[in-house]
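Participant: Only the shape, not the letters, is given here:
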């Protein structure tokens, strides 16, 4: 994601990439979905928003990966999108049993938010690789 942020910044839209929580390995399908959601969202900022910057926030939660991409550009109506980007993101998230929203932000701009659940088995495997202790009640 850092390379995507750098490339987008070089194209004229500054990307403020923020990570929260302890970064850990993710299952390949979740990792790819997260990257594609950020990639499509940032591409939409460049193509449609008129904004000069956007913020990407990736939160590693105990049981999920949460992603938000926001800008302060023109906004828009997610229901009238003529492309397939938002539809594709929504479908990708649904296949992973996650939650997805996209729409105009209160106060202007646009927000894409996705929550991708990380299955307990994947969390346990990641904890074993990093030597972290499983959290009580996680699952």
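Facilitator: Noted; the coordinates are in hand. Because the structure is a prediction, the values reported are computed rather than measured. Numbers count the residues shown, from 1 in each chain.
Participant: C-alpha from now on. contacts and neighbour counts both.
Facilitator: OK.
Participant: what sits against residue 35?
Facilitator: Residue 35 makes contact with residue 1, according to CA atoms under 8 Å, 6 or more residues apart in numbering.
Participant: what's the helix or strand for residue 97?
Facilitator: Using DSSP states H and E, residue 97 sits in no helix or strand.
Participant: Is it in contact with residue 114, as I believe?
Facilitator: No - using CA atoms under 8 Å, residue 97 is not in contact with residue 114, being 10.7 Å away.
Participant: out of the two, which sits in the more crowded spot?
Facilitator: Each of residue 97 and residue 114 has its neighbours counted (other CA atoms under 10 Å); residue 114 has more, 25 against 13.
Participant: Now do that one against residue 90, distance only.
Facilitator: For residue 114, the distance to residue 90 equals 9 Å [CA to CA, to the nearest Å].
Participant: how about low-confidence regions in the chain?
Facilitator: Low-confidence segments of the chain (pLDDT under 70): 77-83, 122-139.
Participant: Now do stretch 109-121: everything it contacts.
Facilitator: With contact meaning CA under 8 Å, 6+ apart, stretch 109-121 is reached by 26-27, 30, 34, 41, 49, 63-76, 93, 96-105, 138-139.
Participant: What residues sit buried inside that stretch?
Facilitator: 109-118 (16 or more other CA atoms under 10 Å).
Participant: ditto for stretch 46-53
Facilitator: Applying 16+ other CA under 10 Å to stretch 46-53 flags 46, 49-51, 53 as buried.
Participant: Helices of the protein, residue ranges please.
Facilitator: For the chain, the helices defined by DSSP state H cover 2-10, 28-44, 85-95, 120-130.
Participant: circling back to that earlier point, whichever of the contacts of stretch 109-121 end up buried, select them in ChimeraX.
Facilitator: In ChimeraX, this line selects whichever of the contacts of stretch 109-121 come out buried by 16+ other CA under 10 Å:
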select :26,30,34,41,49,63,64,65,66,67,68,69,70,71,72,73,75,76,93,96,98,100,102,103,104,105
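Participant: Please give me every residue in contact with the residue at minimal distance from the centre of the chain.
Facilitator: Nearest residue to the geometric centre of the chain (CA atoms, centre = their mean): residue 67, 3.1 Å. For residue 67, the contacting residues are 34, 38, 56-59, 112-115, by CA under 8 Å, 6+ apart.
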